[in-house]
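K.L.:
output the structure for:
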Amino acid sequence: MLDVIIEPSKGVLPEPTYIHCAARLHNDVRTLLPAAVERAKETWRRGETERGMLELVREVREFHTNYFPFDMYTQLPLAYSFLSARLGDLVSAESELDRYISRLKLEDEVAVKLKELACAYASLNALS
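P.N.:
Now for the predicted structure:
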């Protein structure tokens, strides 16, 4: 199982605020919820397959579509790496893992284990 978080960046959906009064917040939320639900449904539809999930994560990485930068999320670089491995792109998987390991200054044993897991995840593709 992979943990992927998609949270739209500012400007994609309106951000309700209490600053103007409770009635305005209420109206903002009433407008926001249907739009947010539709966006979520579209994201879930796109992420139904491993390839679709990888494309979502790639968009976050390359186009900064999430609220926070890609590297602020611990799980997104791992999801990108493992999905790349699973779909046969071992070069991208290893490159992303190396960047992740370096950025977080992970211990050698942890780095080795992550690479082993990525290879194992890739080999699952060969079995299916």
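
K.L.:
mind checking how far the lengthiest helix in the chain is from the chain centre?
P.N.:
Counting by DSSP state H, the longest helix found in the chain is helix 22-46. The chain centroid and the centroid of helix 22-46 are separated by 20 Å under Cα atoms, centre = their mean, to the nearest Å.

K.L.:
counting by contacts, list what it packs against.
P.N.:
helix 50-63 (3 or more Cβ pairs under 8 Å, 6 or more residues apart in numbering; DSSP states H and E). For the C-beta atoms, the positions are set from N, CA and C on the backbone; glycine is no exception.

K.L.:
who's in contact with Leu83?
P.N.:
Listed by Cβ atoms under 8 Å, 6 or more residues apart in numbering, the contact set of Leu83 reads 2, 50, 53-54, 57.

K.L.:
of all the residues you listed, which comes closest to Phe82?
P.N.:
Of all the contacts of Leu83, Leu2 has the smallest distance to Phe82: 6.3 Å, by Cβ to Cβ.

K.L.:
which pLDDT value goes with that closest one?
P.N.:
Per-residue confidence (pLDDT) for Leu2: 62.

K.L.:
how is the protein carved up into domains?
P.N.:
14-46, 49-127 (automatic domain parsing).

K.L.:
relative to Leu25, how far out is Arg46?
P.N.:
To Leu25, Arg46 is 30 Å away according to Cβ to Cβ, to the nearest Å.

K.L.:
and Asp71, by the same measure?
P.N.:
Asp71 is 33 Å from Leu25, by Cβ to Cβ.
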